[in-house]
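Student: Predicted model and sequence follow; I will ask about them next.
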2 protein chains.
Amino acid sequence: MADNKKTVSEITSMDEDFAQWYTDIVKKAELIEYTSVKGCMVIRPYGYAIWENIQRILDSMFKKTGHENVCMPMFIPESLLQKEKDHVEGFAPEVAWVTMGGNEKLEERLCVRPTSETLFCEHFSNVVHSYRDLPKLYNQWVSVVRWEKTTRPFLRSREFLWQEGHTLHATAEEAIAETEQMLNIYAQFCEEYLAIPVVKGRKTDSDKFAGAEATYAIEALMHDGKALQAGTSHYFGDGFAKAFDITYTSKDNVKTYPHQTSWGMTTRLIGAIIMTHGDNNGLVLPPAVAPVQAVIIPIAQHKPGVLDKANELKTRLEEKFRIKLDDTNNSPGWKFAEYEMKGVPVRIEIGPKDMEANQCVLVTRHNNQKTVVSLDELESALEEKLREVRDGLYAMALENREKKTYACKTTDEIKAALAEKGDGFVKAMWCGDEECEDKVKELTGVGSRCMPLEQEHISDTCVCCGKPAKKLVYWGIAY
Amino acid sequence: MADNKKTVSEITSMDEDFAQWYTDIVKKAELIEYTSVKGCMVIRPYGYAIWENIQRILDSMFKKTGHENVCMPMFIPESLLQKEKDHVEGFAPEVAWVTMGGNEKLEERLCVRPTSETLFCEHFSNVVHSYRDLPKLYNQWVSVVRWEKTTRPFLRSREFLWQEGHTLHATAEEAIAETEQMLNIYAQFCEEYLAIPVVKGRKTDSDKFAGAEATYAIEALMHDGKALQAGTSHYFGDGFAKAFDITYTSKDNVKTYPHQTSWGMTTRLIGAIIMTHGDNNGLVLPPAVAPVQAVIIPIAQHKPGVLDKANELKTRLEEKFRIKLDDTNNSPGWKFAEYEMKGVPVRIEIGPKDMEANQCVLVTRHNNQKTVVSLDELESALEEKLREVRDGLYAMALENREKKTYACKTTDEIKAALAEKGDGFVKAMWCGDEECEDKVKELTGVGSRCMPLEQEHISDTCVCCGKPAKKLVYWGIAY
């Protein structure tokens, strides 16, 4: 066809060069475009529509569990950032500093928020006085900035979009319950809506969020056997409350420090979707967040009645689904490849023969299976297909993860498993000593990802030092 | 009642001190809280929920007219900002500059976007090549930063939330039509959903957006007779396209510069709502954007069955409306004052006597009118009341504006009208000369707000110099 658009053949095979395959997809599926702002990207309409769907679903889950949205300033005065010692140590090296306003040098420089604990703390200290003011269950949808040296679209960029939940509770028990609740919501969201299986676990101390007492995370395994942290939920105890002098008067009239949490998910989820479900034909999108859930492609569209019929189906289906009709003059073959590349979950083919038989053809993107369905039952058939796609994607991702998860008892076993089967999750016992954690990474290349909440018993002794083991740890190479 | 909450009596009367009345409302209705970041605010849940409703309605209007959401970086390299001469002159003096990333000085400083024309232009130059790539109809919901000297919540803050539409078209005609379409959408949104009457007009050259060929705006009149610009829509011609080298190949295979627009609305709309509809009891919210459309207040709630009934009504109404039930132990009188202050459009009272009669009482916030309605028809009665509130608010605002709009033929008439009737819109003819525009302001205190699209004839001659008049201008004191 005379068309200046990209063709599928331009996507690098993932077996040949996984990183290039990834870059090809984000560019050619028109998710992002690079800018002259180093490490920052434009999220294009097709990419942003995925994020809008993620937002809509997550936001509704947050609201159902009683959370309210707010908006904090994007700037943090240096003195405010410095109030919690561990927090500033963790973040100060990677923030962008505003030093001039207009033509004047600022008296105090401001950092562009890398995260907003300090701002929420200041606000809590202003508005929380009594036990009646608790809990505060807040969230905000904003972008944050971290001055990364090396960046990759969605996975690690200097600016990224996220939500950050910040909550304040009367007791430690309530705050811990909140931390767990949000971890579970994140896991449910990834598994049910993104079809990405995740491991729920707790981070080791070396990998905790700066200022947290405990950090929980969900970890997913990508096609290439590398691990991706898809969401985190932190329990702060009353450390921030003490640093920021947040107190409330209890029912017994005692001045008390409240307990705090924060939790976040980011546009990196889009990277996780690409690397969990994508294939050599391009993107594969889970139906819940796909901007287009089904694309209608007319066959022999010049024949009488075909485009009318395709339009009729579009109007019918649009009431329940996100539908696109491609009635351009490109060939059906070109269109098939285009929407495969863009990861549209279901393709609907309708041509003169189908019309005669009162039917159409549904093709599912992830396994290329064709089903002929009666036009009388199109809505229910499409609904079923979308459910099939979600279930199929989840099963394939789970199979991949299980194939690439290796239970090991010694570092030699780890090395052998990785050499033989490629990168993946390593399940191995750990004594709890940070030295061993470091040494495992040094010897084998895999670092601790998390201590899964569902513990298993692989061996009695630490994979590294041979002393009695305390925890099963998932190890891996992280994105 | 033993309660540590604010009481209505703390709101300053608007006749006594309008500015303090405004500040009291934004604080006491819990719309915002101040922060240690000068000129920036926390938008609290009740304030943010108003913004979420504004966003939802506007976003749907944008999407229905074919616009797609995207997300640009928040930073603009200095060299990029400088590409369009008028634009940089207009914005450079009021931007925040990032000069450090982590511990390193940046090679080129970055400003935090005050608006994103330059970023969209760079992106357009990367992705637009052929007439087939046009039009591009983009929008983004982000925050922007302008380093204002004096700030006021919602009206003028260093950071504010907004949407900015940016579109690119093959022809000037198409771009002008887009500019007009968006101005009309803005006016429709303000009038229908916010119940704020607006004047649609074109800005004089002295008041154009930096880099625009023409700026259109909608202007509203506040309670105190001051004018507030509620939205703007700009036509750029091909000036930015030339500065950023954006070209497309036309159908005739000619390299052509496309034509461009941008348009924006901000959180300042919340300020407009407060100052158009608020009264001495507090906020008055238009139903379309009120976080709570009706609050149920049980009367004698300790009596058997009252709270059960109130809960039953809540469950019923929640299916169609945003409903709150206040079943706390505060007195009904305290609750009435509280939700009046928070501007909830309708109050629903239900007590033992109402229950016996199978009825409840609806009280509309803006005029304190009570209506007894049968519980069998509650949904339709509430829907009608909400429509009545919107219509009533609009009528009151329009009456206020008309009362405060003065047609004048000379600057002496302007001075007399303002002295006698207070601040307001002045309608007066203008010769088109910028000197006269300046002189009117100098002599009378009112500046040009816009040249209304619906022109009227007040006199033949310029209000200032007496030469032949070209345009009717609305003059006023601007927020």
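Tutor: Thanks, I have the structure now. Residues are numbered from 1 along each chain as shown, chains lettered A, B, ... in the order given.
Student: List the buried residues for stretch A:396-410?
Tutor: A:396-397, A:400-401, A:404-406, A:408-409 (16 or more other CB atoms under 10 Å in any protein chain shown). Using the backbone N, CA and C atoms, a C-beta is placed for each residue, glycine as well.
Student: Equivalent analysis for stretch A:79-96, please.
Tutor: Neighbour counts over stretch A:79-96 (16+ other CB under 10 Å) mark A:80-81, A:83-84, A:87-88, A:90-92, A:94-96 as buried.
Student: Can you flag which of the residues you listed belong to helices?
Tutor: The helices, defined by DSSP state H, take in A:80-81, A:87-88, A:90-91 from the buried residues of stretch A:79-96.
Student: Can you check the distance spanned by stretch A:160-179, start to finish?
Tutor: In stretch A:160-179, first residue to last residue: 23 Å (CA to CA, to the nearest Å).
Student: should've said stretch A:89-105
Tutor: 25 Å.
Student: now stretch A:420-429
Tutor: 21 Å.
Student: That stretch: which residues count as buried?
Tutor: For stretch A:420-429, the neighbour count (16+ other CB under 10 Å) marks A:423-429 as buried.
Student: got it, and stretch A:455-473?
Tutor: Neighbour-count burial for stretch A:455-473, counted by 16+ other CB under 10 Å, picks out A:458-459, A:461-464, A:469, A:471-473.
Student: need the residues you listed in TSV with secondary structure, can you?
Tutor: Converted to TSV, these look like this (DSSP: H, G, I helix; E, B strand; the rest coil):
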residue	secondary structure
A:Ile458	coil
A:Ser459	coil
A:Thr461	strand
A:Cys462	coil
A:Val463	coil
A:Cys464	coil
A:Ala469	coil
A:Lys471	strand
A:Leu472	strand
A:Val473	strand
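Student: between the residues you listed, which is nearest A:Phe75?
Tutor: A:Val473 (38.5 Å; CB to CB).
Student: For the residue nearest to that closest one when sequence neighbours are not counted, list each beta-bridge partner.
Tutor: Nearest in space to A:Val473, with sequence neighbours left out and distances taken as CB to CB, 6 or more residues apart in numbering or on different chains, is A:Trp430 at 4.5 Å. When assigned by DSSP bridges, A:Trp430 has beta-bridge partners A:Lys471.
Student: doesn't A:Cys436 make contact with A:Trp430?
Tutor: Yes: using CB atoms under 8 Å, A:Trp430 is in contact with A:Cys436, at 6.3 Å.
Student: Can you work out which residues contact both of these two?
Tutor: The contact sets of A:Trp430 and A:Cys436 overlap at A:462-464 (CB atoms under 8 Å, 6 or more residues apart in numbering or on different chains).
Student: Now do the contacts for the nearest residue to A:Asp279 once chain neighbours are set aside.
Tutor: Leaving aside its sequence neighbours, A:Asp279 sits nearest to A:Met14 (CB to CB, 6+ apart; 7.3 Å). By CB under 8 Å, 6+ apart, the residues touching A:Met14 are A:21, A:223-224, A:278-280.
Student: Same list (the buried residues of stretch A:396-410) but as JSON lines, adding distance to B:Pro73.
Tutor: As requested, these are exported to JSON lines (distance: CB to CB, whole Å):
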{"residue": "A:Met396", "distance to B:Pro73": "35"}
{"residue": "A:Ala397", "distance to B:Pro73": "31"}
{"residue": "A:Asn400", "distance to B:Pro73": "34"}
{"residue": "A:Arg401", "distance to B:Pro73": "34"}
{"residue": "A:Lys404", "distance to B:Pro73": "35"}
{"residue": "A:Thr405", "distance to B:Pro73": "38"}
{"residue": "A:Tyr406", "distance to B:Pro73": "40"}
{"residue": "A:Cys408", "distance to B:Pro73": "43"}
{"residue": "A:Lys409", "distance to B:Pro73": "48"}
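Student: Looking at those, which one is closest to chain B?
Tutor: Closest to chain B out of the buried residues of stretch A:396-410 is A:Ala397 (27.1 Å), distances taken as CB to the nearest CB.
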